[in-house]
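S.K.: pasting the sequence and the predicted coordinates here, then a few questions.
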Amino acid sequence: MAKLLIMAGGMSSRMKKTDGNSNLDEKLIEQANTLPKGMIGVGKDGRPFMDYLLYNAHRAGYNEVLILKNPKDTVTQPYYDQLVADGKAWGFTFKFATQQIAPDREKPAGTADAIQQALEQTPEWKGERFTVCNSDNLYSVSVLTLLKDAEIPNAVVSYNADALGVEPERVKAFAIIKTNEDGSLVEILEKPNDEQIAEAKRVAGQIGVNMNVFHFKYDDILKYVQSEPFNPIRNERELPSAVTRMAKENPGLVTTVPVAENVPDLTSKGDISLVQKYLVDEFGDF
């Protein structure tokens, strides 16, 4: 079965800020302030954003979904359990895991911690390959299909910064992807400088941006997320850093998949109106 892990355990801190409130109705503002981002009803008749990601995953041929949720999330699992009961869950088998928060922390410990907890709570996936992505980005059918069908154990999608619409100065705020000449991953660079950006473009022919969509073999990635230390600045254990270590210690083990397309995202309230229009234009009556 083709497997998809959706990371939905974050605290949605940026979404809860007041920026972008002015053009939204009160119901959407309340949802943005209280619900996981993937469950905000930005679609037709209030359909949650994550439904569209799942629909694309269904069209790409996935049939088993593991949703990693926050311990305070009381809406995601009941919603999808009900879809299954009603026969409206696109034939998916759903699994759920919870990203527990340590007693000395107020929020989850990052994306490496998310993957570790999800996999340790789902040992039946041992030996399998799976795609992993965020719940607040709408990845295309073509990207999800590429990863599902790729005959490689581990991969990261490298999005062309120009196709994403990222202005040159803003690239420095993203994590860029540095590759070898053969397309294997060298490093995922957070907040790169001008020289690093230029070198990455020279080798790959594009500035590749990480949008947190990967494909992994369970056994390959688990030991790296388990051993990933806390970032001294952000105080989180981060998946891109764990993937970089895996690539450096095992040259050729992680492949980059270059893609040139946009990724609608639901990061802040200011994104909601844009996403609503995109969903109407692309999905119609879905």
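M.R.: Alright, I've got the coordinates.
S.K.: mean confidence score for stretch 54-66?
M.R.: Here stretch 54-66 scores 98 as its mean pLDDT.
S.K.: please shift the residue numbers so they start at 8 in all later answers.
M.R.: Right, with 8 as the first residue, what we last looked at is stretch 61-73.
S.K.: show me what contacts the spatially closest residue to residue 9 that is not a sequence neighbour?
M.R.: Nearest residue to residue 9, sequence neighbours excluded (Cβ to Cβ, 6 or more residues apart in numbering): residue 69, at 4.4 Å. The way it works is simple: take the backbone N, C-alpha and C, and place the C-beta from them, glycine included. Residues in contact with residue 69 (Cβ atoms under 8 Å, 6 or more residues apart in numbering) are 9, 10, 11, 99, 138, 151, 155.
S.K.: isn't the first one up against residue 155?
M.R.: So that's residue 9. Yes. Using Cβ atoms under 8 Å, residue 9 is in contact with residue 155, at 5.0 Å.
S.K.: coming back round to it: between the contacts of residue 69, which is closest to residue 288?
M.R.: Lowest distance from residue 288 to the contacts of residue 69 (Cβ to Cβ) belongs to residue 151, with 19.8 Å.
S.K.: chain neighbours aside, what residue packs nearest to the closest one?
M.R.: Closest residue to residue 151 apart from its sequence neighbours, by Cβ to Cβ, 6+ apart: residue 67 at 3.8 Å.
S.K.: show the contacting residues for that neighbour.
M.R.: Contact partners of residue 67, counting by Cβ under 8 Å, 6+ apart, are 9, 148, 149, 151, 152, 155.
S.K.: run the last query once more with 7 Å
M.R.: Applying Cβ atoms under 7 Å, 6 or more residues apart in numbering to residue 67 gives the contacts 148, 151, 152, 155.
S.K.: quick one: the helices in the protein?
M.R.: Assigned by DSSP state H, the chain shows helices spanning 33-41, 56-67, 83-92, 118-127, 148-156, 168-171, 201-211, 225-234, 246-256, 279-290.
S.K.: out of those, flag the one nearest residue 179.
M.R.: Comparing the helices of the chain by Cβ to Cβ, helix 201-211 comes nearest, at 7.3 Å.
S.K.: pull out the buried positions in that closest one.
M.R.: Buried residues in helix 201-211, defined by neighbour count with 16 or more other Cβ atoms under 10 Å: 204, 207, 208, 211.
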